[in-house]
Every structure is written in structure tokens, then in C-alpha cells.
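Engineer: below is the sequence, then the predicted model.
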Number of protein chains: 2
Amino acid sequence: MQMGTNLPKVGSYNRAVVLEAIQVSDGISRVQIAKRAGLTAQTVSVIVRKLLEEGLVIEDGSVPSSGGKPRTILRVDPTAGYAVGIHFDPGEISYVLADLAGQPVAKLHTDVIPGLAPDAVIRQMARTARRMLGEADVPDDKVLGIGLACPGPLDPDGVMNFPPRLTGWDHVPIKRLLEEHTGFPVTFDNDAAAAAIGERWAGLARATPSFAYLYLGTGIGGGLFLDNQIYRGRSLNAGEFGHITVVPDGPGCYCGNRGCVEAVCCPSAIEATVRARLAGGADSTLAESTSAEGAHIDHAAICEAAAAGDPLALEVIGEVADRLADAAVSIVNMLDIDLLVLGGPAMHKVADIYHRVVAEAVTTRPLARRLHTVRVETSPIASDAAAIGAASLVFHATYSPRLGTLLTS
Amino acid sequence: MQMGTNLPKVGSYNRAVVLEAIQVSDGISRVQIAKRAGLTAQTVSVIVRKLLEEGLVIEDGSVPSSGGKPRTILRVDPTAGYAVGIHFDPGEISYVLADLAGQPVAKLHTDVIPGLAPDAVIRQMARTARRMLGEADVPDDKVLGIGLACPGPLDPDGVMNFPPRLTGWDHVPIKRLLEEHTGFPVTFDNDAAAAAIGERWAGLARATPSFAYLYLGTGIGGGLFLDNQIYRGRSLNAGEFGHITVVPDGPGCYCGNRGCVEAVCCPSAIEATVRARLAGGADSTLAESTSAEGAHIDHAAICEAAAAGDPLALEVIGEVADRLADAAVSIVNMLDIDLLVLGGPAMHKVADIYHRVVAEAVTTRPLARRLHTVRVETSPIASDAAAIGAASLVFHATYSPRLGTLLTS
């Protein structure tokens, strides 16, 4: 059942609306905020005064206005707070120290040591986060928290549930352990949802009410903003675009389904397809650089070869792009969004191909294409998207206006 | 950008929350409303007094309470208002006169006369609606409006845009014309969204925060409730489940896409598949009842034959069920919902087969299946779902709590 609301909640909600308006704009005046958010000039003025006092917002010059009196420009103060974003991928761990405006101040990557116990990995994460904060001279009272992007499925308490590519990690309470080891609050989400929140806070989707993020990493996932709100679903596992069926009775996927996007489009599936065709005698520059079985051909080499025009690599990447395009059209037909963002590390070298094929499909095939166009954009922060998104998780959880906060509970 | 809110909006929103709590429960006390909606006893008491004065709600007996004092049970007064729901399907027009509780008082169907001009069809709708109200002795001041369920795509002003199975209906302002011809306000939506709203107001989904409705009619569509709110998308065309690609490079669909659910699962596709297999010599009781080309075999006969155990009909309906199940799993993986409702007239005679195959897939294949189960239910009002839903559109638009109404605009 829908919950009711009350007066104090209205105040904190409007505060978040004003702060978000300042963050997503590239400089904005009080008058513009009032107009865009539908609030009175007085309400905006009172909220902005408080944000200035707290040091979250700064006045940054002024612009002329039609009324004669110049308008003061407001911006979020990037130095008002920091967060460390950690992206825990089965292959490597990425770290970003970001300021309140969502801009990375420092980055680093560490390998995941095979066989290391979960608690040891989490202690390593905590030490690395602490070291980055120390090296950047960020005092503890400026740290808003740690953002953690993990492979799903996750439960609402931050416990990992049967993560498909991480044996030994089932039922690990990663949020609680990381809080214990760092002493900071931890905000968590799955990697693709984190990447979507990063685009919302500081990236391509700042001003877009409804968008989907198709995340291509070791696995394939996604994130959803619908009507200006992140949509998480019943068990925090919405947006699993990697498990849309695109090949009926297709190859089995670890998830339990068949013919999933992930089962035919993820890096390991691409490697398997190329190896099978090489074994079948396909002509490719990749054949020269490897043993007869193609055992050493990896996804990076295939993408490199596709970018260089290798026919086999182009053929396989082209087929993958077609299946991604099928999924993209299904997403658009189901959710009638404004923007589809493509991102994640598996886009490296092949982003142009994926973008071209998906954008063409989304322009020509959706049912409502004559009513409005759907933009397709490639995230410029592809390889760090989830880590930057993880840091944004902290800011977004702290400051963004969520309709849910209006509701009593 | 997310909009702000203000005080008067809080009042009308909480009023809608209380009215919905009464409607979706099977009798509820003031104390229970306060508890479930997170409102104070005083707020609920003031709102309920107003609803009683306006005659929207009645006191209907009392139940003992643990505190000793019996609690008065509240219900929506079904006779407080009426709406006529009209479902405009390319094949026929269905009408339902429904009371405020969403229960049908009268029903009728008329054929769509081929070649009749849009304006003449809309005048016929208006006359029929007027006649139903007259025969049921509903005075004009008790009519809350007309609900209209149309094939999509629709634009926000109620104009039909290239409706795929209705030639001559492009750019017809059906909402405005029906308002002129009836003199009542018209609330419109596409047929599948209307069916979903019907299930929310008076059916299977009264108490479910997030559900999808997969609507099987002449075409295949759907409706979405996410976090207690209907989700319509950027151009009111979300939930087009019929245009999820389930067969890559599959048959072309009128929508511009290929291998859509609708292109392989709608009644005309089922007819085409059966005819092709009969022409290829398939063994079936359907062969006896028809000419060599199978030209007279229609969807109803095929479903009847499947229900009676005919092998060809069962084979084809089974394949359709498999593709519907693929789409259902994709919907669940994308939206992480609680409930999937199957409904619409094309379920007739084969509802059990579709339900069994879809329910098994949704239990065994989604990624988050270990975290929560997704119910699959067949709507008991299958053939009238869109018309009853169309009437519910009026009640839902008038009375349901929508977070959007909290926002200034």
C-alpha cells in the first residue's frame, strides 16, 4: 500500500531537490531553481542560506539578468565532502577517491588474488581506501562514506547472495565487514546500478528523467532511473539486462536461464565463439598469435583485432552488437525511456561498433519511435564507471531527492 | 529535474492514500489505516469524516478490537459514483458500466463495422454509453466519467498515433471527440495499461507494490505498476511487452522490429503457423473441419482444439507459451517485480497452458529467484479486463494516491 506523508518530510525533501538542482546544473541561480523545481522564491532562499552556512554550496560569480539585478551563481563546493568508491569485480578491484561534485581525485586498481579468503580481501579494500584518503590529505570529518559496487545478487542488508563468478563469497556480509574495517559508513549497490547513479550524479544523465544504463563488464548488467528515481525492484535486483533472453533455447547461462544476453555477449562468451570458429578454420590475424586451440586468445585481443579490421573479430563483435541491439530495443519498448547509456570496461576498443549498431536499432525499431527519440550515449568513463558510480552512491544516498523519503514508514 | 512539493499537495495526497487504503482492503478500520499508511490517528480521522460527509465512504458494521472498544469498518460506497469503461479493440468494442468499487453493473459488446469513419464509430460509442447509463438509471451527477482503452501508441492529449491494426485512425483525437459526443470527461489509456489499473483498483493486484500485466488480445501489450505507481514512460507507451524480441532475426513485426513476442504469439501469428503446418501435412483434427488451405481456421478453433488435446494445436500453443515464458523471465529480470498477471481475451481456453509454462519459467529461471518468489496469476476477468480496467481508469485517476501529485509543476 502507498504510504502517507507529513510536514517535516516535505522540508527535507525540498532541501534535497534544491541541492540536486545545483549539482546537476553547471551553475544555477536562485531564480532558476525556483522556476525549475516549482518552489517559491522564499522557500529556495531559506534552503540556499542553510546550504551556504553548512558549506555544501558556494556562490561563484554572477550573471546579468533581464530584470537588471545580476543573479548570483550557485555551485556545490567540491571540497565539502569526499567518498571512496570501490568496485569489486571478480577480475580486479578498482578504487576512486571522488569529491562532492563527483570528480575523481585519485584512482587505483588492484588484482583479486585467487583463493584469498573474503575477510582478507575486505581488509585489503579497507587498507587501500584508508591509504588513498591519507595520501590525498582528506581528514576523516570530510569523509561522507565508502561506496561499494559489488556483483549481484545482493540483499538489502549488504550480504552477497550466490555471486555467480565468485566462489566462496556466498552469504558474506560485505557491507558490515567493510564498515568494521574502515570505521566509515558503507553504501552499497550492484556494479551496474552504481554506474547508473554515477551518470546521474556527475555524468551523461544529469538532467534526464528516465534512462537505462547497459553495463558491459565481466558480466552484463544494468541500472534504471524512472521518473527521476532510481528503480531497484522488490529485492534490489532490477535492471538485470544481461539476463534478457535473446536466443530462444540458446546456450545455458549460470543464472539458470537460457540464451541470455550475458550468455552470448559477455567477454568469456566472445572468447569461446572466436576459439570455436578458429578451430573450424576461420581466417583471422588472431590465428597467428596463438596455439592451434586458440587457448590464449582473450577478449582484449579480440576487441583490438576488431578495431584493426580483422574479419573474424568483426564478425563476432558484430553478432554481439546485434544481440545487444535486440535487448536495447526490448528495454526501450518496455520502459519508454529518454536515454540509453552504454558503459563498462568490456566496451574498450569496440565502443564505436556497439554504439553504432545499438543507436541504429533504437532509432528505427521501437514502437514509439515516431513520438520521441531515444538518445544512445557511450559513457566516457567506461572503465571506471562502476568505481566512480560507487563514490556517487554515497553522495546520492546522502543528498538526492527521493520521493520515498516523503513517505512515512 | 525532480520537482519540489508544498503543503496543500500533502493534504490531497494523504486523502487519496486513505481512500485507496479503504478501496483495496476488504473492509478496514481507522486504526488499521493509520497503522498501514503511517499517518496519525487524528489525520486519518479528519480525512475519514470528510469522506463520510461526501458520501464516498460508508460505515459498515464493526469488529471487536483488543482494546475493548469495537472498531467501525469502513468501505467505499459502490453507489457513490459510476463510470463507463469502453475498450476499443480492432475487432470489437466492449462496454462495462462499473460502480465505484470497480464491479461491473452492466456489460455489452458491439462489432466494429469495417470501413466506418472514425467519427461515426465514436458517435456510436457515445450513444451506447448513454444508453447503458439510462437503462441502469444512473443520473448524470453520479457519472464520474468515461474510461477509454485504446490500442497504442497514444499521445498525452489522447490522439491515436499510427495504431497498427486500424487503418484510417491515425491522428484521430479520440479523447476530445468522445468528450464532445458524451458531455462527460474522458480518461484514456492503452488497453493493456487499463487492464493493469483494473487489477490494481479491484482485482488481483490490490495490495502488490510492483507488478506487470501481460495482456494477450488481438495484439500483445502490458502494463506496469512499480513501487505502487503506474509507470507510463516518456510518451505513455511503457509496458509494450509484445515488442520484446524473442526470436533474433525472426519474422518482421508491423512495429518495425523483428522477432517480437507479438509477431510470434498473437492470434494471427498462431493461425498462420497452424495453417503452414497443416499445409505441410501435420496431423490434426483441425484439418478435417476446413478447406485444404486451412483458410477458415481461426484462433478460437485452435485454442479449442488445444484444450481438447489436438497434437498440432498443442504443439503450436506450447511453442507460443515458451516464447511468452522467455518474455516473462526477461520482464522479471529487468523489473524484479512481485506479481505477473496474465490476462486478455486471447487467453480463452488456453489460460491453463500459458499459466503452467510461464509460472514454471518464472519460478526456476530468474536471477533473483532465491531471494523472493514471483507469483503468476491468471486474471479471472480475462475477456473484459480492458473494459473493466477502462472504467477503473476513471476511479484511479480521480482517487488514487500518486506521488506525482505531491510535486509542484
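Structural biologist: Sure thing, it's come through. Residues are numbered from 1 along each chain as shown, chains lettered A, B, ... in the order given.
Engineer: chain A: helices as residue ranges?
Structural biologist: In chain A, the segments counted as helices under DSSP state H are A:7-24, A:30-37, A:41-54, A:118-135, A:174-182, A:191-202, A:261-265, A:267-279, A:285-288, A:299-307, A:311-335, A:351-364, A:385-399.
Engineer: CA atoms only: put the helix or strand of chain A with the lowest mean pLDDT into CSV for me.
Structural biologist: Least confident helix or strand, chain A: helix A:7-24 with a mean of 78, by mean pLDDT, DSSP states H and E. The C-alpha trace of helix A:7-24 is given here as CSV (Å, rounded to 0.1, in the frame of the first residue of the first chain):
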residue,chain,number,x,y,z
LEU,A,7,5.2,18.1,7.1
PRO,A,8,8.8,17.6,8.4
LYS,A,9,9.4,15.2,5.5
VAL,A,10,8.4,17.9,3.0
GLY,A,11,11.1,20.2,4.3
SER,A,12,14.0,17.7,4.0
TYR,A,13,12.7,16.6,0.6
ASN,A,14,12.7,20.1,-0.8
ARG,A,15,16.2,20.7,0.6
ALA,A,16,17.3,17.7,-1.4
VAL,A,17,15.5,19.0,-4.5
VAL,A,18,17.4,22.3,-4.3
LEU,A,19,20.8,20.6,-3.7
GLU,A,20,20.3,18.3,-6.6
ALA,A,21,19.2,21.2,-8.9
ILE,A,22,22.5,22.9,-8.0
GLN,A,23,24.6,19.7,-8.5
VAL,A,24,23.1,18.6,-11.9
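Engineer: could you give the angle of it to helix A:385-399?
Structural biologist: Between helix A:7-24 and helix A:385-399, the angle comes out at 140 degrees (axes from the mean of the first three to the mean of the last three C-alpha atoms, to 10 degrees).
Engineer: and A:Thr72, how far from A:Gln32?
Structural biologist: 11 Å (C-beta to C-beta, to the nearest Å). For glycine as for every other residue, the C-beta is placed from the backbone atoms N, C-alpha and C.
Engineer: and the two? which has more neighbours close in?
Structural biologist: Neighbour count, other C-beta atoms under 10 Å in any protein chain shown: between A:Thr72 and A:Gln32, A:Gln32 has more, with 19 against 14.
Engineer: from memory that one sits against A:Val24, does it?
Structural biologist: No - using C-beta atoms under 8 Å, A:Gln32 is not in contact with A:Val24, being 12.0 Å away.
Engineer: circling back to that earlier point, packing partners of the least confident helix or strand of chain A?
Structural biologist: Applying 3 or more C-beta pairs under 8 Å, 6 or more residues apart in numbering or on different chains; DSSP states H and E, we find helix A:7-24 packed against helix A:30-37, helix A:41-54, strand A:71-76, helix A:191-202, helix A:385-399, helix B:7-24.
Engineer: may I see the buried residues of it?
Structural biologist: Neighbour-count burial for helix A:7-24 flags A:9-10, A:13-24 (criterion: 16 or more other C-beta atoms under 10 Å in any protein chain shown).
Engineer: one more: stretch A:243-257?
Structural biologist: In stretch A:243-257, counting by 16+ other C-beta under 10 Å, buried: A:His243, A:Ile244, A:Thr245, A:Val246, A:Val247, A:Pro248, A:Gly250, A:Cys253, A:Cys255, A:Gly256, A:Asn257.
Engineer: list, out of those, those positioned next to chain B.
Structural biologist: A:His243, A:Ile244, A:Thr245, A:Val246, A:Val247, A:Pro248, A:Cys255, A:Gly256, A:Asn257 (C-beta under 8 Å from any C-beta of the partner chain).
Engineer: contacts only, for the first one.
Structural biologist: Okay, so that is A:His243. A:Cys253, A:Cys255, A:Asn257, A:Cys260, A:Val261, A:Glu262, B:Val329, B:Ser330, B:Asn333, B:Pro366, B:Leu367 (C-beta atoms under 8 Å, 6 or more residues apart in numbering or on different chains).
Engineer: mind checking the helices of chain A for the one nearest to B:Glu377?
Structural biologist: Set against B:Glu377 and scored by C-beta to C-beta, the helices of chain A come closest in helix A:311-335, at 20.0 Å.
Engineer: quick one: average pLDDT of the closest one?
Structural biologist: Per-residue pLDDT over helix A:311-335 has a mean of 96.
Engineer: check which helices and strands it is in contact with.
Structural biologist: strand A:211-216, strand A:220-226, helix A:261-265, helix A:267-279, helix A:299-307, strand A:339-343, helix A:351-364, helix B:311-335.
Engineer: make it 6 Å
Structural biologist: In terms of contacts (3 or more C-beta pairs under 6 Å, 6 or more residues apart in numbering or on different chains; DSSP states H and E), helix A:311-335 is packed against helix A:261-265, helix A:267-279, helix A:299-307, helix A:351-364.
Engineer: what's the neighbour count on the nearest residue to A:Pro267 once chain neighbours are set aside?
Structural biologist: Spatial nearest neighbour of A:Pro267, excluding adjacent residues (C-beta to C-beta, 6 or more residues apart in numbering or on different chains): A:His299 at 3.6 Å. Other residues within reach of A:His299, judged by other C-beta under 10 Å, total 20.
Engineer: need the pLDDT of A:His299.
Structural biologist: Listed pLDDT for A:His299 reads 95.
Engineer: what's near enough to touch it?
Structural biologist: A:Pro267, A:Ile270, A:Glu271 (C-beta atoms under 6 Å, 6 or more residues apart in numbering or on different chains).
Engineer: can you list the domain ranges for chain A.
Structural biologist: A:7-76, A:81-199+A:387-404, A:208-380 (automatic domain parsing).
Engineer: between the ones you listed, which gets the lowest average pLDDT?
Structural biologist: domain A:7-76 - the lowest mean pLDDT of the domains of chain A, at a mean of 85.
Engineer: gap between that one and the chain center?
Structural biologist: Distance, stretch centre to chain centre, for domain A:7-76: 27 Å (C-alpha atoms, centre = their mean, to the nearest Å).
Engineer: find the closest residue to chain B in the stretch 301-409 of chain A.
Structural biologist: Using C-beta to the nearest C-beta, A:Asp336 is the residue of the stretch 301-409 of chain A that sits closest to chain B, at 2.4 Å.
Engineer: does that residue touch B:Glu240 like I think?
Structural biologist: No - A:Asp336 is not in contact with B:Glu240 according to C-beta atoms under 6 Å; the separation is 7.6 Å.
Engineer: could you export the contacts of A:His299 as JSON lines, including neighbour count and distance to B:Ala106?
Structural biologist: Output for those, formatted as JSON lines (neighbours: other C-beta atoms under 10 Å in any protein chain shown; distance: C-beta to C-beta, whole Å):
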{"residue": "A:Pro267", "neighbour count": "21", "distance to B:Ala106": "60"}
{"residue": "A:Ile270", "neighbour count": "24", "distance to B:Ala106": "60"}
{"residue": "A:Glu271", "neighbour count": "19", "distance to B:Ala106": "64"}
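Engineer: quick one: which of these is nearest chain B?
Structural biologist: Closest to chain B, out of all of the contacts of A:His299 and judged by C-beta to the nearest C-beta, is A:Ile270, at 16.3 Å.
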